[in-house]
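Student: how does the following fold in three dimensions:
(chains A, B, C and D)
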2 protein chains.
Amino acid sequence: MRSYGQYCAVAKALDVIGDRWALLIVRELLLTGPSRYTDLRQGLPGIATNLLTERLRDLEAAGVLVRREAPPPVASTLYELTERGRGLRAVVHELGLWGAPYMAEGPAAEDAFRSHWMAWPVEAFLRDSRPEQGPASLELRAGEDSLVVEVAEGVVSARPGPADGPDATLTGPPHALLGVLSGGLPLGRAKERGVDVRGDEQVLERLLPRAGSLAVSLT
Amino acid sequence: MRSYGQYCAVAKALDVIGDRWALLIVRELLLTGPSRYTDLRQGLPGIATNLLTERLRDLEAAGVLVRREAPPPVASTLYELTERGRGLRAVVHELGLWGAPYMAEGPAAEDAFRSHWMAWPVEAFLRDSRPEQGPASLELRAGEDSLVVEVAEGVVSARPGPADGPDATLTGPPHALLGVLSGGLPLGRAKERGVDVRGDEQVLERLLPRAGSLAVSLT
DNA sequence: CCGCATCCGGGGCGATACTG
DNA sequence: CAGTATCGCCCCGGATGCGG
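Tutor: Below you'll find the predicted structure:
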């Protein structure tokens, strides 16, 4: 992008990651780790292929990410954040916090959704209230893809799915699932809104926040 | 700007403040408080007047800022952040932290600079090491305009200048002044680089960080 | 002087088609 | 799978004009 031409740290940052789609590419790499071109495209619905290529080049030139050749038998090029790129975690996190209220309205008619985007609310909202219990896993499905939430020794983590024999599976529309994650939508009401729970419901009780306990509600 | 069409908090945030110049307008209002159109233009060198107008309209429609009619005898319209707009402070702060390393290289040939942009490094870097002493003031000048730093009872604050009888005045090129503020450039070397100190130099010793004590150096 | 509105050229962006 | 090529459009940038 054209430089703002201002000797100011905020302007200099925007010179590098202020381009359209740039921070969303960083979001994808933060959420999913090293990714192939096609995976990035999958996680960035709406992006034009030439723009994705151009941004990847720009961000590589700026030292935000690197291309890496995966060893055989995969034999594919991977895009991976550098240390400098991972330094954008706080920026993306604050943007997500600020944008969270817009999620309460529910998706616009044409909005796309990917389950792995829930990794951010999962790590922001979910806590292990029973750290003395053994490890457990939970699969979230809100469309084609899925997200796996794993908890062990008090630590909650998320990664793109699917899960291998999860203790529970939560399926439903994105808005309802986010409502459940944020604690604003009790499980009973969520079921009325199309959320389906399979497996051990106690995993949910272990992880979910209490209603109204958070500053941000996605209901 | 055109929506990303993604049901994700980060994308929704960028739908609102991802437009070019939008976050820099927020930066200005965070730094200087309620401002007139002309003052904003002064603090945003390089912006086209139609774009400033258009962004102000967009941000007003989004609830980030409000227009307010100043009472006589000023009789001017003021632009002011809403509570929601002030919520962007953390976003701008993290962007500044991430962009700070680019300041170390010094300004590009065509970079503009405004003294009040130093308000961010001032509040990020300066601490009152002698809170038992009375209030003091310091004026920073790096061009036409100036920034006033005031310290009282351990609290350091900054506002656009000029100062009324400051205890000390620091004048010089932007890069050198930032080096002094960040603690990476000792005052002796700074004087070799064109920094001029007038008044009570002890005010500086009271405020400046020790060399190397900060994670970010602007030298 | 302040606070815009209008006009126009250029380039970034978006959608699709195509290729090694 | 991982891009390249093409093309239309709209946003952006710079200049100018203009009413209060």
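
Student: leaving out the residues flanking it, which one is nearest to the residue nearest the centre of chain A?
Tutor: What sits nearest the mean C-alpha location of chain A, by Cα atoms, centre = their mean, is residue A:117, with 3.0 Å. Computed as Cβ to Cβ, 6 or more residues apart in numbering or on different chains, the closest residue to residue A:117 that is not its neighbour in sequence is residue B:8, at 4.6 Å. The C-beta positions use only the backbone N, C-alpha and C, and glycine is treated the same way.

Student: okay, the residue nearest to the centre of chain A: pLDDT?
Tutor: Per-residue pLDDT puts residue A:117 at 97.

Student: likewise residue A:124?
Tutor: At residue A:124, pLDDT is 88.

Student: with residue A:214 instead?
Tutor: As predicted, residue A:214 sits at a pLDDT of 60.

Student: the longest helix in chain A is where?
Tutor: helix A:89-103 (DSSP state H).

Student: test my guess that the residue nearest to the centre of chain A contacts residue A:181.
Tutor: No - the pair residue A:117 / residue A:181 is not scored as a contact, 11.5 Å apart, by Cβ atoms under 8 Å.

Student: so residue A:182 is in contact with residue A:125, correct?
Tutor: Yes - counting by Cβ under 8 Å, residue A:125 is a contact partner of residue A:182 at 5.4 Å.

Student: kindly report the residues of chain A close to DNA strand D.
Tutor: A:2, A:36, A:37, A:38, A:39, A:48, A:49, A:50, A:53, A:76, A:77 (Cβ under 7 Å from any atom of the strand).

Student: part of a helix, is the fourth one?
Tutor: Think residue A:38. Yes - counting by DSSP: H, G, I helix; E, B strand; the rest coil, residue A:38 falls inside a helix.

Student: run through chain A and note the low-pLDDT ranges.
Tutor: A:211-219 (pLDDT under 70).

Student: can you give me the strands in it?
Tutor: A:35-36, A:65-69, A:77-81, A:136-141, A:146-152, A:155-160, A:168-171, A:196-199 (DSSP state E).

Student: ends of stretch A:169-180, how far apart?
Tutor: 13 Å (Cα to Cα, to the nearest Å).

Student: likewise for stretch A:181-192?
Tutor: Start-to-end, stretch A:181-192 (Cα to Cα) is 16 Å.

Student: got it, and stretch A:130-150?
Tutor: Length of stretch A:130-150, first residue to last, Cα to Cα: 13 Å.

Student: and stretch A:117-136, by the same measure?
Tutor: Stretch A:117-136: ends 21 Å apart by Cα to Cα.

Student: list the buried residues in that stretch.
Tutor: Buried residues in stretch A:117-136, counting neighbours by 16 or more other Cβ atoms under 10 Å in any protein chain shown, are found at A:117, A:118, A:119, A:120, A:121, A:122, A:124, A:125, A:126, A:128, A:136.

Student: could you do stretch A:103-113 as well?
Tutor: A:103, A:106, A:107, A:111, A:112, A:113.

Student: now, among these, which is nearest to residue B:64?
Tutor: Distance to residue B:64 across those (Cβ to Cβ) is lowest for residue A:103, with 17.5 Å.

Student: ok, that closest one touching residue B:9?
Tutor: Yes - here residue A:103 lies in contact with residue B:9, judged by Cβ under 8 Å, at a distance of 5.4 Å.

Student: now the helices for chain A?
Tutor: Per DSSP H, chain A carries helices over the ranges A:9-17, A:22-32, A:37-43, A:49-61, A:83-86, A:89-103, A:119-125, A:174-182, A:187-192, A:202-207.

Student: using CSV, lay out those helices together with distance to DNA strand C.
Tutor: Converted to CSV, the helices of chain A look like this (distance: least, Cβ to the nearest atom of the strand, whole Å):
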stretch, distance to DNA strand C
helix A:9-17, 12
helix A:22-32, 8
helix A:37-43, 10
helix A:49-61, 5
helix A:83-86, 19
helix A:89-103, 17
helix A:119-125, 22
helix A:174-182, 21
helix A:187-192, 33
helix A:202-207, 36
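
Student: looking at the ones you listed, which is closest to residue B:176?
Tutor: Here helix A:9-17 is closest among the helices of chain A (Cβ to Cβ), at 16.1 Å.

Student: so what's the gap between that closest one and the chain middle?
Tutor: 24 Å (Cα atoms, centre = their mean, to the nearest Å).

Student: tell me if it is near chain B.
Tutor: Yes - in terms of Cβ under 8 Å from any Cβ of the partner chain, part of helix A:9-17 sits within range of chain B, namely A:9, A:10, A:11, A:12, A:13, A:14, A:15, A:16.

Student: OK, contacts around the residue nearest to residue A:117?
Tutor: A:27, A:99, A:113, A:114, A:117 (Cβ atoms under 8 Å, 6 or more residues apart in numbering or on different chains).

Student: which of these sit farthest apart?
Tutor: Farthest apart among the contacts of residue B:8 - using Cβ to Cβ - are A:99 and A:114, which lie 15.9 Å from each other.

Student: the more surrounded of those two?
Tutor: Neighbour count, other Cβ atoms under 10 Å in any protein chain shown: between residue A:99 and residue A:114, residue A:114 has more, with 25 against 20.

Student: residues contacting stretch A:50-63, please?
Tutor: Contacts for stretch A:50-63 (Cβ under 8 Å, 6+ apart): A:16-17, A:19-22, A:25-26, A:37, A:40-41, A:44, A:65-67, A:79, A:82, A:84-85.
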